[in-house]
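Chemist: output the structure for:
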Amino acid sequence: MAELRQQEGVGARALEFTILTACRTGEVLGARWAEVNLASRLWTAPAERMKAGREHQVPLSEPAIAILEEMQAIREGDFVFPGGRSDRPPGPVAMLMVLKKMGRADIAVHGFRSTFSDWVTEQTNFPAEAREMALAHAVGDRVEAAYRRGDLFKKRQELMAAWAEFCCCAPVIATKVVRLAATG
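Modeler: As a prediction, the model looks like this:
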């Protein structure tokens with residue numbers, strides 16, 4: 001993330017936002033300003049752009065808000081992340097080009113969702129349902145869905161803030177190799 005933040009351009013900011021929100025590429029690239037409520041720290045992706053066909057409310061962390069404010073300063077049209085033309089978003093290759101420029105062609109953009117899932121499961125105590133809802137996955141079977149009325153929004157706000165903290169401030173574990181002198 002530190003290296004990504006050093007990259008310039010709309011593609012780099014879109015990739016950073018994608019990572020911070022754990023959303024899919026198409027959802028982020030298609031984001032429109034009308035879906036964003038900066039005061040409420042909320043982005044509502046409409047059902048027609050979601051894989052599951054259901055509206056998805058995404059709580060926005062401080063770093064995600066900062067990206068939106070940066071994009072708002074260069075706003076050209078309806079799209080949060082403008083493409084070459086103001087009436088179109090960038091293509092999905094925009095994020096791949098950022099990774100390629102960084103020498104990270106070994107990374108798939110969608111893999112960050114898997115990283116998020118692994119991190120939530122292995123490094124936090126957040127419930128699996130919050131993780132799945134953050135990823136806009138269906139939670140449970142029909143019976144469970146019939147009884148589930150809430151969206152765990154407060155827990156998802158906390159989860160996304162913790163994820164942003166991890167992404168932006170994860171400690172770098174340095175190892176030091178020490179060569180011991182041979183003793184006779």
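Chemist: after the helix or strand of the chain with the lowest mean pLDDT, which helix or strand is next? Please name it.
Modeler: Ranked by mean pLDDT, DSSP states H and E, the helix or strand of the chain with the weakest confidence is helix 142-147, at a mean of 53. Using DSSP states H and E, the helix or strand that follows helix 142-147 towards the C-terminus is helix 153-169.
Chemist: tell me which residues of that next one are tucked away?
Modeler: 155, 156, 157, 159, 160, 161, 162, 163, 164, 166, 167 (16 or more other CB atoms under 10 Å). All C-beta spots, glycine's among them, are computed from the backbone N, C-alpha and C.
Chemist: now do the strands in this structure.
Modeler: With strands called from DSSP state E, the chain shows them at 36-37, 42-45, 56-59.
Chemist: could I get the ones you listed in CSV, plus columns for mean neighbour count, distance to residue 102 and mean pLDDT?
Modeler: What follows is the strands of the chain, written out as CSV (neighbours: other CB atoms under 10 Å; distance: least, CB to CB, whole Å; pLDDT from 0 to 100):
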stretch, mean neighbour count, distance to residue 102, mean pLDDT
strand 36-37, 16, 27, 97
strand 42-45, 20, 25, 95
strand 56-59, 21, 25, 94
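Chemist: turn those strands into TSV, columns for distance to residue 110.
Modeler: Converted to TSV, the strands of the chain look like this (distance: least, CB to CB, whole Å):
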stretch	distance to residue 110
strand 36-37	23
strand 42-45	16
strand 56-59	16
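Chemist: contact partners for residue 19?
Modeler: 1, 4, 112, 116, 167 (CB atoms under 8 Å, 6 or more residues apart in numbering).
Chemist: so where's this protein shaky on pLDDT?
Modeler: By pLDDT under 70, the weakly predicted segments of the chain are 86, 138-150, 170-184.
Chemist: show me where it has helices.
Modeler: Along the chain, counting by DSSP state H, helices occupy 2-5, 10-21, 25-29, 62-73, 93-101, 111-123, 128-134, 142-147, 153-169.
Chemist: which elements pack onto the first one?
Modeler: Which is helix 2-5. Where contact means 3 or more CB pairs under 8 Å, 6 or more residues apart in numbering; DSSP states H and E, helix 2-5 is packed against helix 10-21.
Chemist: could you pull out the buried residues of the helix it packs on?
Modeler: 10, 11, 12, 13, 14, 15, 16, 17, 18, 19, 20, 21.
Chemist: which of those lies closest to residue 122?
Modeler: Nearest to residue 122, judged by CB to CB, of these is residue 19 at 17.5 Å.
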